[in-house]
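Student: Here is a sequence together with a model predicted from it:
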Number of protein chains: 2
Amino acid sequence: MKLAISGKGGVGKTTIAAALVKSFAETHQTVYAIDADPDACLAAAIGIPEEVASGLKPVVEMRDLIRTKTGDGAFYTLNPQVNDVLDDYSYQYKNIKFIRMGGIKKGGSECYCRENTFLNAVVSSLLLDSSEVVIMDMGAGIEHLSRGTARGVDLMLVVVEPSRNSINTAHLVKRLAADLGIRKVRIIGNKIRIAREKEYIENHFSPEEILGFIEFNNEIWEKAMEPNSDAAGELLASMREVREKILREAGDR
Amino acid sequence: MKLAISGKGGVGKTTIAAALVKSFAETHQTVYAIDADPDACLAAAIGIPEEVASGLKPVVEMRDLIRTKTGDGAFYTLNPQVNDVLDDYSYQYKNIKFIRMGGIKKGGSECYCRENTFLNAVVSSLLLDSSEVVIMDMGAGIEHLSRGTARGVDLMLVVVEPSRNSINTAHLVKRLAADLGIRKVRIIGNKIRIAREKEYIENHFSPEEILGFIEFNNEIWEKAMEPNSDAAGELLASMREVREKILREAGDR
């Protein structure tokens, strides 16, 4: 199964992505954790030291390698190779394979289009068996959707908080995901403090769309200043239920 | 003076940008408020109805108009025209001229590179007198910097909250802004609840870099579910001091 996690900036995408990565790592043999945001911090949220993550070769560099090996053909002809080659570009942490899309570029140098296109090719080409999961943490906002980076995922999770703006973004994600042919878009409500906030989110989506709610966790906020705060660990218990729902959704395919 | 506002997703960029727009509107004749994020909501934060904002022609469409008028020349030859033409693409709200970079694209259709490039050309070409200010609300993260969208602004404001990730992003913004030749990068600390959080931010930047601190405002959080919450209004008092500091910085140029 291939999942992508999106939502407005600041809703808790990376924390929830990391918690899901850890949760699937309890039940699955391999979890590919893909950081698709050049400004993201998925590695640290999983527990991988920042130095290690920033020293990792960005996956976009695979492109040249694959071209050298096979000529300048289309990516889909390369399927069988992707899984093998990817090992060189991933950092294995327990049964998690961490991959980052691209490194930091110089100011004014270029966009991240090449990275997005290639990442889409890689994720689409990955052949998974049922013991493997891909979880992609997307950049804030919607440009990854107009770019089609997550085309080919089985499920798009949108994290929302009890705010009008984050819900507007979620509806936009639903519309654009449909353009991409992503059939399932599901909502996770985050930072819930009071019943009214939960109801507010429930009023904006159908019951089948909502995968679960995560309570506002003061610990996470308190620890955000610390170097290795295990925010994802805090959420692990609530994430197991979400994981089971995701697996049921996958069964529906 | 031309300002750009950046920072990690969710730190409060748009709320602070809107409060600054309103604050400068008290003392300046014209404030150009530019929404440079296709997923942003600067209009609503200023008080412009969403229907009006989403019905506004995106500024990128000016490009074709200018080309028709002048041939396919370089933008810098078009300086004198930009100010006039821009009126057709802006929504005048009191003494605020609101402009949006681009509309929502279909999923998988294309990136926002064209919009970013053109917006840079427009902002660079705008001729301002001392009674006019440009305030650009950038997208979350750092891609607008590698794209150079805000090249040519006089001051880059970075909003941080008391979290390690938002401070890492601010340091990255400083580095990339320097690549772009933006000489002044200044920090606004947002969502401060306790003294330790303020100190945490102070420990990561020099005193001259920090323009001010905004306290955590429970009202803003409470009202985030409402359609027209005037979050920017809540911050107006604290923003006046920031505005005066910005004007002093501008005097230093």
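Tutor: Received it, and whenever you're ready, just let me know what you need.

Student: Could you check stretch A:105-112 against chain B for contacts?
Tutor: Yes - interface with chain B: stretch A:105-112 contributes A:105-112 (C-beta under 8 Å from any C-beta of the partner chain). Quick note: C-beta positions are derived from backbone N, CA and C, even for glycine.

Student: what about the helices in the stretch 101-250 of chain A?
Tutor: A:113-125, A:143-147, A:164-179, A:195-202, A:218-223, A:231-252 (DSSP state H, counting those that start in this stretch).

Student: List only those of the residues of stretch A:105-112 next to chain B flagged as buried.
Tutor: For the residues of stretch A:105-112 next to chain B, a burial check counting by 16 or more other C-beta atoms under 10 Å in any protein chain shown picks out A:105, A:107-108, A:111-112.

Student: Provide a list of residues in contact with the closest residue to chain B within chain A.
Tutor: For chain A and chain B, the shortest gap (C-beta to the nearest C-beta) falls at residue A:10, measuring 1.0 Å. Under the criterion of C-beta atoms under 8 Å, 6 or more residues apart in numbering or on different chains, the neighbours of residue A:10 are A:140, A:161, B:8-11, B:140.

Student: Below-threshold pLDDT in chain A: ranges please.
Tutor: Applying pLDDT under 70 to chain A flags residues A:66-81, A:228-229, A:252-253.

Student: Phi, psi for the closest residue to residue A:193 other than its chain neighbours please.
Tutor: Leaving aside its chain neighbours, residue A:193 sits nearest to residue A:216 (4.4 Å; criterion: C-beta to C-beta, 6 or more residues apart in numbering or on different chains). The phi/psi pair for residue A:216 (degrees, to the nearest 10) reads phi -60, psi 130.

Student: What's the local residue count around residue A:216?
Tutor: 16 (other C-beta atoms under 10 Å in any protein chain shown).

Student: what secondary structure does residue A:4 sit in?
Tutor: With DSSP: H, G, I helix; E, B strand; the rest coil as the basis, residue A:4 sits in strand.

Student: Is it in contact with residue A:145, as I believe?
Tutor: No - with contact defined as C-beta atoms under 8 Å, residue A:4 does not reach residue A:145; the gap is 9.5 Å.

Student: Quick check: which element contains residue A:97?
Tutor: Using DSSP states H and E, residue A:97 maps to strand A:96-100.

Student: That strand pairs with which strands?
Tutor: In the sheet, strand A:96-100 lines up against strand A:30-35 (parallel), strand A:91-93 (antiparallel) (DSSP bridges).

Student: can you put the ones you listed in TSV and add mean neighbour count and distance to residue B:165?
Tutor: Shown next, in TSV, are the strands paired with strand A:96-100 (neighbours: other C-beta atoms under 10 Å in any protein chain shown; distance: least, C-beta to C-beta, whole Å):
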stretch	mean neighbour count	distance to residue B:165
strand A:30-35	25	13
strand A:91-93	16	19
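
Student: any chance of the ones you listed in CSV, plus distance to residue A:197?
Tutor: Compiled in CSV, the strands paired with strand A:96-100 are given as follows (distance: least, C-beta to C-beta, whole Å):
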stretch, distance to residue A:197
strand A:30-35, 29
strand A:91-93, 34
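
Student: Can you check what angle separates the strand holding residue A:97 from helix A:113-125?
Tutor: Going by axes from the mean of the first three to the mean of the last three C-alpha atoms, to 10 degrees, strand A:96-100 is angled at 150 degrees with respect to helix A:113-125.

Student: Please give the centre-to-centre distance between strand A:96-100 and its chain.
Tutor: Averaging C-alpha positions (C-alpha atoms, centre = their mean, to the nearest Å) puts strand A:96-100 11 Å from its chain's average.

Student: Please report how far residue A:157 lies from residue A:216.
Tutor: As judged by C-beta to C-beta, to the nearest Å, residue A:157 and residue A:216 stand 19 Å apart.

Student: now residue A:111
Tutor: 35 Å.

Student: So residue A:197 sits against residue B:225, correct?
Tutor: Yes - between residue A:197 and residue B:225 there is a contact under C-beta under 8 Å: 7.3 Å.

Student: Would you mind giving the contacts of residue A:10 as a markdown table with distance to residue B:35 added?
Tutor: Shown next, in a markdown table, are the contacts of residue A:10 (distance: C-beta to C-beta, whole Å):
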| residue | distance to residue B:35 |
| --- | --- |
| A:140 | 15 |
| A:161 | 21 |
| B:8 | 18 |
| B:9 | 15 |
| B:10 | 17 |
| B:11 | 17 |
| B:140 | 13 |
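
Student: need the residues of the stretch 151-253 of chain A near chain B, please.
Tutor: Residues of the stretch 151-253 of chain A lying near chain B by C-beta under 8 Å from any C-beta: A:151, A:161-165, A:168-169, A:172, A:175-180, A:197, A:200, A:224-227, A:229.

Student: Just the buried residues out of those, in PyMOL syntax.
Tutor: In PyMOL, a selection of the buried entries from those looks like this (16+ other C-beta under 10 Å):
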select buried, chain A and resi 151+161+162+163+164+165+168+169+172+176+177+179+180+197+200+224+225+229
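
Student: can you tell me which strand in chain A is longest?
Tutor: Ranked by number of residues, the top strand in chain A under DSSP state E is strand A:184-192.

Student: and for that strand, what are the contacting residues?
Tutor: Contact partners of strand A:184-192, identified using C-beta under 8 Å, 6+ apart, comprise A:11-12, A:16, A:154-162, A:170, A:173-174, A:177-178, A:197-198, A:201, A:205, A:209-216, A:242, A:246, A:249.

Student: Pairing partners for it, with directions?
Tutor: strand A:155-160 (parallel), strand A:210-215 (parallel).

Student: can you state the direction angle for it and helix A:164-179?
Tutor: For strand A:184-192 against helix A:164-179, the angle by the same axes, to 10 degrees is 170 degrees.
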